[in-house]
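# predicted model, plus sequence, below.
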Amino acid sequence: MDLERRRLLATAALLPVAAAVRAANEEYPDKPVRLVVPFPPGGGADNLARAIMPKVVHALGKPIIIDNKPGAGGNVGAEIVAGSPPDGYTLLYGTNGTHSINQALYRNLRFDPVRDFTPVSRMTEIAAMLVVNPQMPVMTTTQLIRYAKANPGKVNFASAGNGTTSHLSGELFKTMAGIDIVHIPYRGGAAAVADLVSGQVQMMIDVMPNVYPLAKDGRIRGIAVSTAVRSPAAPEMPTISESGLAGFESSAWDGVLAPVGTPEAIVNKLNAAFNQALDSPETEKRLLAQGIEIPAKDRRSPAYASRFVQSEIKKYEGPIRASGIVIE
């Protein structure tokens, strides 16, 4: 049999397979989609996912089941999704922890945040807030730094766990301010904030959805926001940089990712559903009230999200390695 005839027969044999793949992509989704949130229920990522998903469900036309798989700073859930079939039915609610910080922080990461995932969409940019228990005799960043210097080793700062945004923000604050404060890691943001309210720990730099509502209610005291400029959700709140620690900047972000190899048609369909949810004025208003901003639409494409993840990994590699923080 000549080469050209063999090629024609091979092509003909593949046509039914290609047709089946096209049909599957066109019919997607024909069953519920599982969204793995790699953090405990009640924390910032979980709350945000649950706030946005109803709009995504409406746009997609099928249920989205949120499956909390916490552990190792989000690595447990990320690894589950990395090893799942690339069919669009298992997605990851990824964060700057799972897809930028952990690459340098964990010695034995069992997934690659770039090679093992196909980004679907960025979702939000999240300012953090420096907060203290109301019994702390401080009202400003400068006063907090002075108090910590006068009481070395006696001020504890809480975090949602080793390697989380709240942990690294606290370490950055500690290093830049030249103070001796003690890190107390928790299994998730909800437990950390609860102990901050009760006075078991004195301070925290956590994402605004977790702490801003409590600060407005007076259950904790808001000192400053962590971003380079003031948050539109709390314009009266100064930045840490302008109120006592020049140059300080720290924030969080999140997005949705699929296992690598997920068909482009499915990724694009998912991206359109998430964009429809995020473009809702109701969603934008609801999120902004918590200090959460939605990136411009051109910064939510799969291509942009892929470039963004790679740039964020490079951003954190140097500072984390210079700090000497390593988690086995």
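Arrived safely.
# can we go C-alpha only for contacts and neighbour counts from here?
Will do.
# by contact count, what packs against the helix or strand harbouring residue 196?
Using DSSP states H and E, residue 196 sits within helix 189-198. With contacts defined as 3 or more C-alpha pairs under 8 Å, 6 or more residues apart in numbering; DSSP states H and E, the packing partners of helix 189-198 are strand 155-159, helix 208-216.
# show residues contacting the shortest one.
This means strand 155-159. For strand 155-159, the surrounding residues in contact (C-alpha atoms under 8 Å, 6 or more residues apart in numbering) are 148, 166-167, 170, 180-186, 188-189, 192-193, 196, 201-206.
# measure how buried residue 112 is and give me the count.
15 (other C-alpha atoms under 10 Å).
# let me see the contact set for it.
residue 103.
# what strand or helix carries it?
Going by DSSP H and E, residue 112 is not in any helix or strand.
# where's it relative to residue 313, distance?
Per C-alpha to C-alpha, to the nearest Å, residue 112 is found 11 Å from residue 313.
# residue ranges of the strands in the chain, please?
Using DSSP state E, the strands of the chain run over 33-37, 64-68, 90-95, 117-132, 155-159, 181-185, 203-207, 221-225, 251-259, 292-293.
# with mean neighbour count as added columns, please give those in a markdown table.
Shown next, in a markdown table, are the strands of the chain (neighbours: other C-alpha atoms under 10 Å):
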| stretch | mean neighbour count |
| --- | --- |
| strand 33-37 | 22 |
| strand 64-68 | 18 |
| strand 90-95 | 27 |
| strand 117-132 | 27 |
| strand 155-159 | 23 |
| strand 181-185 | 19 |
| strand 203-207 | 30 |
| strand 221-225 | 27 |
| strand 251-259 | 25 |
| strand 292-293 | 23 |
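# where in the protein is pLDDT low?
Along the chain, the parts satisfying pLDDT under 70 run over 1-25, 322-323.
# so what's the closest residue to residue 327 other than its chain neighbours up against?
The shortest distance from residue 327 to any non-neighbouring residue, by C-alpha to C-alpha, 6 or more residues apart in numbering, is to residue 106 (4.8 Å). Counting by C-alpha under 8 Å, 6+ apart, residue 106 touches 326, 327, 328.
# do you know how far the residue nearest to residue 125 when sequence neighbours are not counted is from residue 54?
Closest residue in space to residue 125, ignoring its immediate chain neighbours: residue 253 at 4.5 Å, by C-alpha to C-alpha, 6+ apart. Using C-alpha to C-alpha, one obtains 20 Å as the distance from residue 253 to residue 54.
# go on, residue 318?
For residue 318 relative to residue 54 (C-alpha to C-alpha), the value is 38 Å.
# so those two - more neighbours on which side?
Per other C-alpha under 10 Å, whichever of residue 318 and residue 54 has more neighbours is residue 54, with 14 against 11.
# buried set for stretch 275-293?
Of all the residues in stretch 275-293, those buried under the rule 16 or more other C-alpha atoms under 10 Å are 275, 277, 278, 284, 287, 288, 289, 290, 291, 292, 293.
# take those residues and keep only those in helices.
Mapping the buried residues of stretch 275-293 onto helices (DSSP state H) picks out 275, 277, 278, 284, 287, 288.
# picking that back up, just send the helices and strands packed on helix 189-198 back as a markdown table, with distance to residue 77 too.
Below are the helices and strands packed on helix 189-198 laid out as a markdown table (distance: least, C-alpha to C-alpha, whole Å):
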| stretch | distance to residue 77 |
| --- | --- |
| strand 155-159 | 19 |
| helix 208-216 | 21 |
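# separation between the residue nearest to residue 191 when sequence neighbours are not counted and residue 205?
In space, and not counting its chain neighbours, residue 191 is closest to residue 160: 7.7 Å by C-alpha to C-alpha, 6+ apart. Distance, residue 160 to residue 205, using C-alpha to C-alpha: 10 Å.
# try residue 217
18 Å.
# repeat that for residue 306.
Per C-alpha to C-alpha, residue 306 is found 28 Å from residue 205.
# swap in residue 41?
20 Å.
# try residue 157
In this view, residue 157 and residue 205 are 8 Å apart by C-alpha to C-alpha.
# contacting residues for residue 283?
Residues in contact with residue 283 (C-alpha under 8 Å, 6+ apart) are 52, 277.
# any idea how far the residue positioned nearest the centre of the chain is from residue 39?
Closest to where the C-alpha atoms of the chain average out (C-alpha atoms, centre = their mean) is residue 95, at 2.4 Å. Relative to residue 39, residue 95 is positioned 10 Å away (criterion: C-alpha to C-alpha).
# my guess is residue 152 meets residue 182, correct?
No - using C-alpha atoms under 8 Å, residue 152 is not in contact with residue 182; the gap is 9.1 Å.
# which residues are in contact with both of the two?
Common neighbours of residue 152 and residue 182 (criterion: C-alpha under 8 Å, 6+ apart): none identified.
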